[in-house]
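Chemist: heads up, no residue letters with this:
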């Protein structure tokens, strides 16, 4: 008898929403980045989920230009203590990556540039 692989076959850490973000990620089509992205983003509820989706859409829209945390905070008019944890959540899920580039902040300090994995030439690895 042939068994169909299921979302539940994945290790629990692969299907968890970010800390404080609720239960596990819903089912998604294996190998489909957009399906995994949608399942993850819909698994996070409330204002945390809304902020997460705003950060994700912003970084995705920046394509290969990416953004520093400071740039994202300014563009979205979001406090650092709201923006950074959402970017980290997206990074932990593999949707956002550190591009390896830096840019100067307003205070002339080097800051990492983050971008959606799909736009990072250094991170063209298939999503599980």
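Modeler: On my side now, so go ahead. All values reported here derive from a predicted model rather than from experimental measurement.
Chemist: C-alpha from now on. contacts and neighbour counts both.
Modeler: Will do.
Chemist: Looks to me like residue 101 is in a strand.
Modeler: Yes: counting by DSSP: H, G, I helix; E, B strand; the rest coil, residue 101 falls inside a strand.
Chemist: Let's see the pLDDT reported for it.
Modeler: pLDDT for residue 101: 93.
Chemist: so how far is residue 48 from it?
Modeler: 28 Å (C-alpha to C-alpha, to the nearest Å).
Chemist: Residue 66 now?
Modeler: 22 Å.
Chemist: Give me the buried positions along the helix ranked longest in the chain.
Modeler: In the chain, taking DSSP state H as the definition, the longest helix is helix 46-61. Applying a neighbour-count criterion of 16 or more other C-alpha atoms under 10 Å, one finds 48-49, 51-56, 58-60 buried in helix 46-61.
Chemist: what does stretch 91-101 give?
Modeler: Applying 16+ other C-alpha under 10 Å to stretch 91-101 flags 91, 93-99 as buried.
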